[in-house]
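Student: Based on what follows, work out the 3D shape:
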Amino acid sequence: MLHTKKNTSRQMKRILNRGFLVLIALQVSLASLARTIEVGETCEVKSVKKAVEIAEKGDVVLVRKGLYKEIDILVDKPITIKGEPGAVLDGQMISEIIVVKSDSVTVDGLELINVGSSNIRDYSAIRVRSSKHFVLKNLIIRKPFFGIYIEKSSYGKLLNNEIYGDAVSEFFAGNGIHLWYAHHIEIRNNIVDQVRDGIYLEFSNFCTIGGNISRNNVRYGLHFMFSNDDVVTHDRYENNGAGIAIMFSKNMEASYNHFQDNWGPAVYGMLLKEVYDGVITNNVFKRNTTGIYIEGCTRVIYEHNDFESNGWAINSRGANYENKFTSNNFLNNSFDVAYTGSINENTFNGNYWSDYKGYDLDKDGVGDEPYRPVKLFSYMVNRSPEAIILLRSLFVDLVEFAEKVSPVITPDALQDEIPRMKIVTHDRN
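Tutor: Next up, the predicted model:
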C-alpha cells in the first residue's frame, strides 16, 4: 500500500513538471511571435495611432525619427512603444497625446510636444488610467499642460524623463508629474522645469521619489496632499515657490535632499502642514527664505540636517506637538528659529548653532550653558516684516541683549540644553 502511494506521488510530480515545462515553452513560443511594427515616412505604417491599433499583445511599436502630428493615441493592450532619437509626437496644442488604459505597457524614448490646454480638462502629454505595471522612461516633454498624469493606477515606474514647461503663473498651468489615487509608483531620475508643481501626489501612498531635479516651478517642486507612507530621497529642489510641500499626510520620509535658492515672499525650502509621524533627515537647506515652515505637525523628527544662509532656518507657527530637532547644524542663518505658540513638548537638543557664544570647560564637546535660538528681533519681524531693514543695526543688538538677560516675549522654555561646540558631521551618501 505504501509502495503504491509513493508511485502515485512520483507520477503526480512528473505530471506537474511536464506541465510547468509546457507552460514555459508556450510562453517562449508566444514571445517569439511578438512583432516589431515600424512607423515612419518610409515604412508601411506611417501613423503611430495606426500602429498601436494593429499591434497585438507583446508587440513593439518602433517609431522612427521624424515629426508625427497625432493626438489621443489609445494604448489598450500590453505593448511597448519605443522611439528612436528624434522621434517627436506633436499634440498641436489641441489635446493630449498618449492615453494608456492597459496593464504592462512601456513607453520609451519619445519626445512629446505642444500638449493642448484647457480650463475644463487636464490635458497631458501622456496619461495612465486604471493600469498596473507600466513603465514610462527616457521621455522628453516640452510645452505640456500636464506632463505625465497617473490616475487610479499602481506599481508603475517613471524613469529618466525630462519635462520642460513655460509656466509663468499657477492659474493657467499644470503639473509636470501628477499622481491621483496612484500607489506604489517609483519616480526616479527625472528633471522637471518651469511648470506649476514639479511633482504632485494626491491620495497616493507607498511611492518612492528619488534622484530627481525639480526647479523653477511657479508653486512647489514637490507637493503631497493626503498621501501616506511615501519616501523622498536624493532629490534637488531649486528656485521653486517651495521646494517640498507636505500637507495632511502621515508616515512620510524626506532624506538626503538638497533645497537651495527657493527665495522670495512666502517661499520655503520645505512646508509641512498637518503632518504626523514623519522623518526629515540628512537634508541640506541653503539660501532659502525659510528652510522649513511647520504648522499643525505632530511627532516629526528633524535630524542631521544642515541649515545654511537661510532667512529663517525653522519657522514654527503653532499647533505643533512632540516634534524633535536634534543633531542639526544651524549655520549663518539670519534667524535660526521663529516660534509661535506653546512649547507642546517640542525639543531642540544636541544641535550646532553658529551663533552660540557659550563655553565648554569640561571639554566634552557640549556647551556648558543652554542656547536659546529664538531671538526677539525674529518675533518683531514676524509681526512687522518692514522691521527687517534694522537687521544689522546697533538697536537690534541692544534689544537682543536685553531680552537674553531678562526674557519677556520670547519663549524662555525653548532652548537647546546640550548645544554642540563643533559642527555635526553627517553622512551624505
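
Student: use CA for all of it now, contacts and neighbours both
Tutor: Noted.

Student: What is the end-to-end distance of stretch 271-282?
Tutor: 17 Å (C-alpha to C-alpha, to the nearest Å).

Student: Equivalent analysis for stretch 185-196, please.
Tutor: So stretch 185-196: terminal residues 21 Å apart, C-alpha to C-alpha.

Student: cool, stretch 55-68 as well?
Tutor: Note: stretch 55-68 ends 18 Å apart using C-alpha to C-alpha.

Student: Could I get the buried residue list for that stretch?
Tutor: Within stretch 55-68, the residues that count as buried by 16 or more other C-alpha atoms under 10 Å are 55, 57-66, 68.

Student: again, but for stretch 118-138
Tutor: Across stretch 118-138, burial judged by 16+ other C-alpha under 10 Å covers 122-129, 131-138.

Student: circling back: and the buried residues of stretch 55-68, which of them are in strands?
Tutor: Judged by DSSP state E, strands contain the following of the buried residues of stretch 55-68: 60-63, 66, 68.

Student: Turn the residues you listed into JSON lines, columns for distance to I187 and pLDDT.
Tutor: Converted to JSON lines, these look like this (distance: C-alpha to C-alpha, whole Å; pLDDT from 0 to 100):
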{"residue": "V60", "distance to I187": "24", "pLDDT": "98"}
{"residue": "V61", "distance to I187": "24", "pLDDT": "98"}
{"residue": "L62", "distance to I187": "24", "pLDDT": "98"}
{"residue": "V63", "distance to I187": "25", "pLDDT": "98"}
{"residue": "G66", "distance to I187": "28", "pLDDT": "97"}
{"residue": "Y68", "distance to I187": "27", "pLDDT": "98"}
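
Student: Dump these to a markdown table, plus distance to N333.
Tutor: Output for these, formatted as a markdown table (distance: C-alpha to C-alpha, whole Å):
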| residue | distance to N333 |
| --- | --- |
| V60 | 55 |
| V61 | 54 |
| L62 | 54 |
| V63 | 52 |
| G66 | 52 |
| Y68 | 52 |
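
Student: Okay, now the unreliable bits of the stretch 251-400 of the chain?
Tutor: Filtered on pLDDT under 70, the stretch 251-400 of the chain yields the residue ranges 376-400.

Student: From the ones in strands among the buried residues of stretch 55-68, pick the one nearest S47.
Tutor: Y68 (7.4 Å; C-alpha to C-alpha).

Student: Look up the closest residue to that closest one, ignoring the ones flanking it.
Tutor: L89 (4.8 Å; C-alpha to C-alpha, 6 or more residues apart in numbering).

Student: Hmm, D193 is touching N212, no?
Tutor: No - if you go by C-alpha atoms under 8 Å, D193 and N212 don't touch, sitting 11.0 Å apart.

Student: quick one: secondary structure of the residue nearest to the spatial centre of the chain?
Tutor: When C-alpha atoms, centre = their mean is applied to the chain, the residue found nearest the centroid is L222 (4.5 Å). Following DSSP: H, G, I helix; E, B strand; the rest coil, we place L222 in the strand state.
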